[in-house]
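Chemist: build me a structure from this.
(chains A and B, ligands or ions: 2)
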Amino acid sequence: MGRLTKAEFTTAVRTLRRNKGRSLFTMLGIVIAVTSVITVIGISQGVTDQVTAQTARLGKDVVTILPGQINLGGIFGGLGTFGQSVNGAFSQSDISTISQTSGVTTVLPLSTITGGVISGQDGRHYDIPVIGTTPDFPAVMGQSVAYGMFFDSSGASVNKVILGANAASTLFSQNVPLGQTVTILGQQFIVSGILSLSQIVPFAVNADFNKAVFISNSEAQTLANNTARVYEILAKTVSPAQTAAVADRLNGRLLTAHGGQHDFTILKQGQTITVTNNILQLMTLLTVAIASISLLVGGVGIMNVMLVSVTERMHEIGIRKALGATNWQILRQFVVEAAVLSVTGALAGVVVATTIELGLRLFTDIVPNLSWRADVLACLVSVVVGVIFGSIPALKAARRDPISALRNE
Amino acid sequence: MALIELRDVSKLYGFGDATTLALDEISLEINQGEFIAIMGPSGCGKSTLMHIIGLLDRPTHGEYLLNGRHVARLSPTQAARIRRDTIGFIFQSFNMIPRMTVLENVALPLLYKGMSLTKRLQTASNMLERVGMKSREYFYPSQLSGGQIQCAAIARALVTDPKLIIADEPTGNLDSAGSRLVMELLSEVHRTGNTVLFVTHNPELTRYSNRVVYMRDGAIVHDEPTAIGDIAEGARRSMYIPHRTEEDDIAGVSALMSALPSFGDRPRIPMSENKRSRRRATTRRKTKERLH
Ligand SMILES: Nc1ncnc2c1ncn2[C@@H]1O[C@H](COP(=O)(O)OP(=O)(O)O)[C@@H](O)[C@H]1O
Ligand SMILES: [Mg+2]
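Modeler: Ligands and ions are numbered 1, 2, ... in the order given. So this is what the prediction gives:
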């Protein structure tokens, strides 16, 4: 058995080398299938990990309140929330309504003003989001401060700005620009803190805190003549066990305050990631579709090449059968060939997928999760498909009478 | 018990109006140790008969017993094992695999026996030495003359030490020196107790055989035992017709056929004409049944 397989392997490699172009073309189908499966599994797993890490940081006792009516039902409803959550805003009275609700310990409003930032270093204007918030930001968001301090509730918070990690390097060339100044809507602010780099969730509704600067919400309102848009309010509750009850109470009170109009959405722990989850579901669905199609195409490609290979060597099959090769021994030669083709294709697919994932890591916010299990699964399935499809033409050839095979010159 | 026993074996090609009756109810017994020459004009079914005896093809009707076993009842794997172990087939067109060296070609049947690579090459090399081709081991078939390729093909047929050698016009593509070489090799195989069947158009080569079977239109028309070393009686009658081209060759054989006591003016037909036509009718009926 072993000897025959070795001889078959050598012959298979020789044959495939002789028809390099054809072999490479055949492998392409398998390469595409394996690449797409591994890449998309890597991305969805990676995004899930990132979202999980972020929600874990938010804590189970935090409720998120967003303006607008968001349908959390299906995949497509979920996708619709992207645009909506940007519209609408909360008023100062909404903030007080929430803070007066029993069970709420801390209210963290997030507002945004337009206009960008002028760096004190080069005097140039940067289109960086300015977020107004309160001193509770680091505690509620689980965000640590790398250098300096976040502004506190005393009057000393006036004219202080905190920079996100990426915003700091955009605005200033020096490593730790504490004490430098920036100008926002004509007013100078002193850099008093720099946040540590926080993990970013791709496709998330939130703004990228790494690329933003933070001032106190009251100053933001003053600067923007009370038009700073409060686009999100986080409410910390007394305990994780109470969160659900508090969320219901918030719902009731806000409904009353808004005159019965349900123009806001309350997300409890876990629901925060639903939007992202829906996209992941859709992606997984797409992967399965893409992978099935490319596997099928790959399989048919291998079948085609094996058909040509078998037809080309029909006379040789006849000679081998006349010399005493059994049907199975003839078939095995071609099975080995199909296996070499699909294994090589699958390995090439792993290499391409790994390169893509590396590229994603380097050039995007997505951190794909490389998993050997996905690699093995993708390879296994495509090799099985390749070998089964590749053996069909050989099976027909192997069953012929020696003389009928010999007549093909 | 005969080594080979054919009972009313027929072979049909094609269907409908294009049906060809290549073998017409042939019955033949061949014993172990015989050296048989098959003669007859082109298209009379010699190759078809050799293929059926060599298990490369199957009869449409009739029974074939090899070593007392019904061939029709063999599984494809059993048939392949018999081809591998007991039959050596030599083709007129050599049928060497062109991208393999002579040595690899000769070693091929041993691969299917599961022999190790070194042992395979050693055995094949020894066999090539026996046929005087040792110095050409690493040549490719395209680098050799016809006679040399046929010697290598004989080495390949003999490498598994088969009991039955079937050669379909082994000298058909060779000059007289090549023919002599090939026939001497077959004689040697025969002397060691093996059975040899060969097809030829050359009456001269019947000297090597101890029995000559004459065919025409898919039937055996004459079956003559001869002494080794002598040209067969039937073949001798056509000796003085010079033949140089293949057409002449065929014409020569045709002349030989008409010169046969049992054929020419048909004074002694082995089977009565009535019986023969009745048999043909049976075959045709069987064919019809097969087609419907
Ligand atoms: N594959 C085939 N299909 C149709 N007819 C065939 C085939 N092989 C042989 N024949 C026919 O069968 C007859 C016998 O052929 P063959 O056995 O090759 O004769 P020989 O070897 O005596 O020249 C011929 O008439 C030939 O045309
Ligand atoms: Mg012939």
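
Chemist: buried sites along stretch B:66-84?
Modeler: For stretch B:66-84, the neighbour count (16 or more other Cβ atoms under 10 Å in any protein chain shown) marks B:66, B:71, B:74, B:79, B:80, B:81, B:82, B:83, B:84 as buried. Yep, even glycine has a C-beta here, placed from its N, CA and C like the rest.

Chemist: take the residues you listed and lay them out in JSON lines including distance to residue B:13 and pLDDT.
Modeler: As requested, the buried residues of stretch B:66-84 are exported to JSON lines (distance: Cβ to Cβ, whole Å; pLDDT from 0 to 100):
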{"residue": "B:66", "distance to residue B:13": "23", "pLDDT": "95"}
{"residue": "B:71", "distance to residue B:13": "19", "pLDDT": "95"}
{"residue": "B:74", "distance to residue B:13": "22", "pLDDT": "95"}
{"residue": "B:79", "distance to residue B:13": "21", "pLDDT": "96"}
{"residue": "B:80", "distance to residue B:13": "23", "pLDDT": "95"}
{"residue": "B:81", "distance to residue B:13": "27", "pLDDT": "95"}
{"residue": "B:82", "distance to residue B:13": "24", "pLDDT": "96"}
{"residue": "B:83", "distance to residue B:13": "22", "pLDDT": "96"}
{"residue": "B:84", "distance to residue B:13": "27", "pLDDT": "95"}
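
Chemist: what's the closest of those to chain A?
Modeler: Among these, residue B:84 lies closest to chain A (Cβ to the nearest Cβ), at 2.3 Å.

Chemist: check which element follows the helix or strand where that closest one lies along the chain.
Modeler: In the assignment (DSSP states H and E), residue B:84 maps to helix B:76-85. For helix B:76-85, the following helix or strand on the C-terminal side (DSSP H and E) is strand B:87-90.

Chemist: give me the low-pLDDT residue ranges for chain A?
Modeler: A:1-4, A:51-52, A:54-57, A:69-87, A:154-157, A:199-207, A:269-280 (pLDDT under 70).

Chemist: what does it have sitting close to chain B?
Modeler: A:1, A:3-4, A:7, A:315-316, A:318-329, A:399, A:401-404, A:406 (Cβ under 8 Å from any Cβ of the partner chain).

Chemist: try 6 Å this time
Modeler: Residues of chain A found near chain B (Cβ under 6 Å from any Cβ of the partner chain) are A:3, A:316, A:319, A:322-327, A:329, A:401-403.

Chemist: contacting residues around stretch B:4-16?
Modeler: Residues from elsewhere that reach stretch B:4-16, judged by Cβ atoms under 6 Å, 6 or more residues apart in numbering or on different chains: B:19-23, B:25-30, B:48, B:59-65, B:283, B:287, B:291.

Chemist: close to ligand 1, is that stretch?
Modeler: Yes. Stretch B:4-16 lies within reach of ligand 1 by Cβ under 6 Å from any ligand atom, at B:13, B:14.

Chemist: what comes up buried for that stretch?
Modeler: B:4, B:5, B:6, B:8, B:9, B:10, B:11, B:12.

Chemist: need these in TSV (columns: pLDDT and secondary structure).
Modeler: Formatted as TSV, the buried residues of stretch B:4-16 follow (pLDDT from 0 to 100; DSSP: H, G, I helix; E, B strand; the rest coil):
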residue	pLDDT	secondary structure
B:4	96	strand
B:5	96	strand
B:6	96	strand
B:8	96	strand
B:9	96	strand
B:10	96	strand
B:11	96	strand
B:12	94	strand
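
Chemist: what is the helix or strand containing residue A:182 packed up against?
Modeler: Assigned by DSSP H and E, residue A:182 belongs to strand A:181-184. Using 3 or more Cβ pairs under 6 Å, 6 or more residues apart in numbering or on different chains; DSSP states H and E, the elements in contact with strand A:181-184 are strand A:117-119, strand A:187-195.

Chemist: quick check: which of the ones you listed is buried the most?
Modeler: Sort the helices and strands packed on strand A:181-184 by mean neighbour count, taking mean count of other Cβ atoms under 10 Å in any protein chain shown, and strand A:117-119 sits at the top with a mean of 21.

Chemist: what's in contact with the strand holding residue A:182?
Modeler: Residues outside strand A:181-184 that contact it (Cβ under 6 Å, 6+ apart) are A:117, A:118, A:119, A:120, A:130, A:161, A:188, A:189, A:190.
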